[in-house]
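Asks: What follows is a predicted protein model with its sequence.
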Amino acid sequence: MTNLRVGVVGLGYFSQFHLDAWRDIPSTTLAGVFDLDSARTQEIAAKYGVSGARSAAELAGQDLDIVDLVAPPPAHKALVEQFAKSGRILICQKPFCTSYEEAKAVCEFAKSRDCTLIIHENFRFQPWHRAIKTALDTGLLGEIYQARFALRPGDGRGPDAYLSRQPAFQSMPRLLIHETGVHFVDLFQYFFGPISSIYADLVRLNPAIKGEDAGILIAHHENGTRAVFDGNRLMDHATDSPRRTMGEMEIEGEKGTLRLSGMGEISFRAFGENEAVNIAVTAPVDEARFGGGCVQALCEHIVEARAGRVPFENTAEDYLSVILATQAAYRSAETGQKQSL
């Protein structure tokens, strides 16, 4: 069987996790890369032993099965239009596009070209989140009443906040929800189903940045579950690796309480009991990579879905609901009112 040929566009900080994943999956071959910075293109091409394209058009013309667009939102529309080809899979980084309207138009364009468009939303592929999803689906908690994720990465303090890893965070007019909270909007829908309304209260604590870095988002789900995203990038949590889970989660239901720790460990305490039991995380955990190896897990899922062994998750069309919810969060913060979706 011939390996799937993969091209990667956009070679910034986070692309390393994508590149390593495609290199390491046995059934894929990293075939080419491109970045607007030509020196960066050649540097990465040499590191991975692949072709470095001189332009996006040159890479788009290659025989590629999958194109991974690790580029910022303003570039998404043009790149999808350039790379869309019948039978090809495009993977687009989140946040997706610059608006709901643009994202919807891009989805329609990809569909017209018979091209599968997937959003690279990797938090749902973190191994502990897959284990939690399995537990919820088996009815461990019974009816789910409420959930809360406390985001506490501790990387947002002082004038140098984010500069060492992702300096663009400092100048984003919208940060906490647009860049980070969006992961949890998707995760909450993965766990609990569609969101019907959103309320958000957002603030900026670090004067060195432009956007909000703390706040609370309350999502009401159609099934009655309430999920709270409680984010504060200036605070930390109990862990030896702040970027492993980036915080702690608690889910409460009629049969008991499930907790995720900053060590990536899951426990369940049955209602009426004092002691908790551990819930096994069965998916592989790669501590050397972001989120326990969630980027490679997502890429492996793409390969499995292309082969028809599982349905695609995170299609761009499905992801439109995440965009609507995040836009509603900012409207809520501006108006002080709950927003229906």
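Replies: Great, that's in hand.

Asks: Neighbours of the residue nearest to residue 315 when sequence neighbours are not counted, how many?
Replies: Leaving aside its sequence neighbours, residue 315 sits nearest to residue 118 (C-beta to C-beta, 6 or more residues apart in numbering; 6.1 Å). To be clear about C-beta, it is placed using only N, CA and C from the backbone, and glycine gets the same treatment. By other C-beta atoms under 10 Å, the residues close to residue 118 number 23.

Asks: Please write out the alpha-carbon positions of the helix or strand where residue 118 lies in PDB.
Replies: Using DSSP states H and E, residue 118 falls within strand 116-120. The C-alpha coordinates for strand 116-120 follow below in PDB (Å, rounded to 0.1, in the frame of the first residue of the first chain):
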ATOM      1  CA  THR A 116     -12.800  17.100   2.700                       C
ATOM      2  CA  LEU A 117     -12.100  20.000   5.100                       C
ATOM      3  CA  ILE A 118     -11.200  19.200   8.700                       C
ATOM      4  CA  ILE A 119     -10.400  21.600  11.600                       C
ATOM      5  CA  HIS A 120      -7.300  20.800  13.600                       C
END
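
Asks: does the residue nearest to residue 315 really touch residue 299, like I thought?
Replies: No. Applying C-beta atoms under 8 Å as the test, residue 118 and residue 299 come out as separate, 10.2 Å apart.

Asks: For the residue nearest to residue 315, which residues are in contact?
Replies: Applying C-beta atoms under 8 Å, 6 or more residues apart in numbering to residue 118 gives the contacts 89-92, 302, 312, 314-316.

Asks: Residue 107: which of these is nearest?
Replies: Nearest to residue 107 among those, counting by C-beta to C-beta, is residue 316 at 4.8 Å.

Asks: didn't that closest one look like it was pressed against residue 119?
Replies: Yes. Residue 316 lies in contact with residue 119 (C-beta under 8 Å); the separation is 5.5 Å.

Asks: Show me whatever sits in contact with both of the two.
Replies: Overlap of the contact sets of residue 316 and residue 119 (by C-beta under 8 Å, 6+ apart) consists of 92, 96.

Asks: circling back: ok, then the element right after the strand holding residue 118?
Replies: helix 127-137.

Asks: so whichever helix or strand comes after that following helix versus helix 127-137, what angle?
Replies: Using DSSP H and E, the next helix or strand after helix 127-137 towards the C-terminus is strand 144-151. Computed with axes from the mean of the first three to the mean of the last three C-alpha atoms, to 10 degrees, the direction of strand 144-151 lies at 170 degrees from that of helix 127-137.

Asks: what are the pairing partners of strand 144-151, and which direction each?
Replies: strand 226-232 (parallel), strand 247-253 (antiparallel) (DSSP bridges).

Asks: Quick one: residues in contact with it.
Replies: So strand 144-151 is contacted by 136, 180-181, 184, 187-188, 191-192, 223, 225-233, 237, 246-254 (C-beta under 8 Å, 6+ apart).

Asks: switch the cut-off to 6 Å
Replies: Applying C-beta atoms under 6 Å, 6 or more residues apart in numbering, the contact partners of strand 144-151 are 184, 225-231, 246-253.

Asks: Flag every buried residue along it.
Replies: 144, 147-151 (16 or more other C-beta atoms under 10 Å).
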